[in-house]
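# Structural data only, the sequence is not supplied:
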């Protein structure tokens with residue numbers, strides 16, 4: 001065999017090996033994850049979830065593919081192939097990333113309680129000095145990150161008010177929340193919107209800053225962008241849910257440019 005042919009063969013084998021064994025490890029596949037019922041996740045002592053509607057927590061499943069699953073994902077409309085560094089910061093190990101995600105979830109739960117307490121105190125549902133955390137427990141396992149915060153806060157508010165904020169509908173929610181009730185971006189909203197469409201949800205709430213990223217993934221599901229917990233509760237009322245407590249008036253801040 002001529003030397004030139006040997007070199008070509010060697011390069012071909014090296015490239016094939018890189019494509020099969022190295023390249024896939026630089027990518028991840030993102031797909032719609034499970035939708036968790038916040039009414040089952042949040043438990044408020046002496047305040048059972050009012051039902052029958054559901055506030056569903058949207059998630060994104062992350063898969064570390066091999067070459068075959070990578071090819072499959074490339075032709076699956078439910079999946080998104082992206083660089084691993086867009087999910088896990090460069091230089092961070094998977095173990096460190098998972099630890100950070102668990103920490104973010106714990107913080108999201110604390111912030112959801114604080115935001116819900118502030119909202120309930122504002123509307124006279126609880127005393128401003130009330131400590132809610134002692135009566136609230138969470139049962140969300142194997143889910144990390146901050147994006148469940150808004151859904152958790154809405155469920156706490158619903159339970160304490162004793163009212164089904166969704167108006168008996170299925171509502172999918174994603175968004176990080178601060179202790180003051182501000183809603184922050186989370187990422188992956190288009191993928192979560194596809195999950196909302198597959199669940200035939202009546203409505204989806206997302207951070208206002210990300211509503212334009214949903215595109216056509218939500219199908220016929222109405223998507224509303226919100227910037228705060230108060231706006232989210234008002235949005236539920238404006239779109240067919242229970243909204244604010246009876247006898248109380250609030251300003252709905254749902255803006256038409258934030259409705260997809």
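On my side now, so go ahead. Given the structure is predicted, the values throughout are model-derived calculations rather than measurements.

# Give me the pLDDT for residue 13.
Residue 13 is assigned 52 on the pLDDT scale.

# whoops, residue 97 was the one
91.

# The residue nearest to residue 84 when sequence neighbours are not counted: which element?
Computed as Cβ to Cβ, 6 or more residues apart in numbering, the closest residue to residue 84 that is not its neighbour in sequence is residue 28, at 4.9 Å. All C-beta atoms are positioned from the backbone trio N, CA, C, and that covers glycine. According to DSSP states H and E, residue 28 maps onto strand 27-32.

# And the lowest mean pLDDT element among the helices and strands of this protein?
Counting by mean pLDDT, DSSP states H and E, the chain has its least confident helix or strand at helix 3-17, which shows a mean of 53.

# residue boundaries of the helices in the stretch 1-150 of the chain?
With helices called from DSSP state H, counting those that start in this stretch, the stretch 1-150 of the chain shows them at 3-17, 38-41, 67-74, 94-122, 149-161.

# Can you say which of those helices is packed in most?
For the helices of the stretch 1-150 of the chain, the largest average neighbour count (mean count of other Cβ atoms under 10 Å) is found in helix 149-161, namely a mean of 27.

# Tell me the helix or strand right after that one.
strand 170-173.

# Pull up the pairing partners for that following strand, direction included.
Applying DSSP bridges to the sheet, strand 170-173 is found paired with strand 54-57 (parallel), strand 203-207 (parallel).

# Can I get those strands in JSON lines including distance to residue 125?
JSON lines is the format used below for the strands paired with strand 170-173 (distance: least, Cβ to Cβ, whole Å):
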{"stretch": "strand 54-57", "distance to residue 125": "17"}
{"stretch": "strand 203-207", "distance to residue 125": "21"}
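
# now the ones you listed in JSON lines, with mean neighbour count?
Formatted as JSON lines, the strands paired with strand 170-173 follow (neighbours: other Cβ atoms under 10 Å):
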{"stretch": "strand 54-57", "mean neighbour count": "26"}
{"stretch": "strand 203-207", "mean neighbour count": "27"}
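
# Residue 153: which of those strands is closest?
strand 54-57 (9.9 Å; Cβ to Cβ).

# any idea how far the nearest residue to residue 45 once chain neighbours are set aside is from residue 104?
The shortest distance from residue 45 to any non-neighbouring residue, by Cβ to Cβ, 6+ apart, is to residue 135 (4.0 Å). Noted for residue 135: a distance of 23 Å to residue 104, by Cβ to Cβ, to the nearest Å.

# between the helices of the stretch 1-150 of the chain, which one is nearest to residue 47?
helix 149-161 (4.3 Å).

# So for the closest one, mean pLDDT?
96.

# now stretch 181-190
95.

# got the end-to-end distance for it?
Across stretch 181-190, the terminal residues are separated by 23 Å (Cα to Cα, to the nearest Å).

# list the buried ones in that stretch?
By neighbour count on 16 or more other Cβ atoms under 10 Å, the buried set for stretch 181-190 is 181, 182, 183, 184, 185, 186, 187, 188, 189, 190.

# would CSV of the residues you listed with distance to residue 230 and secondary structure be doable?
CSV is the format used below for the buried residues of stretch 181-190 (distance: Cβ to Cβ, whole Å; DSSP: H, G, I helix; E, B strand; the rest coil):
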residue, distance to residue 230, secondary structure
181, 6, coil
182, 10, strand
183, 10, strand
184, 15, strand
185, 18, coil
186, 19, coil
187, 23, coil
188, 24, coil
189, 21, helix
190, 26, helix
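
# what ranges of the protein fall below the confidence cut-off?
Low-confidence segments of the chain (pLDDT under 70): 1-25, 67-68, 70, 73-74, 243-260.

# check contacts around the residue nearest to the spatial centre of it.
Nearest to the mean C-alpha position of the chain, by Cα atoms, centre = their mean, lies residue 174 at 3.5 Å. Taking Cβ atoms under 8 Å, 6 or more residues apart in numbering as the contact definition, residue 174 lies against 57-58, 147-148, 150-151, 186, 188-189, 192, 204-207.
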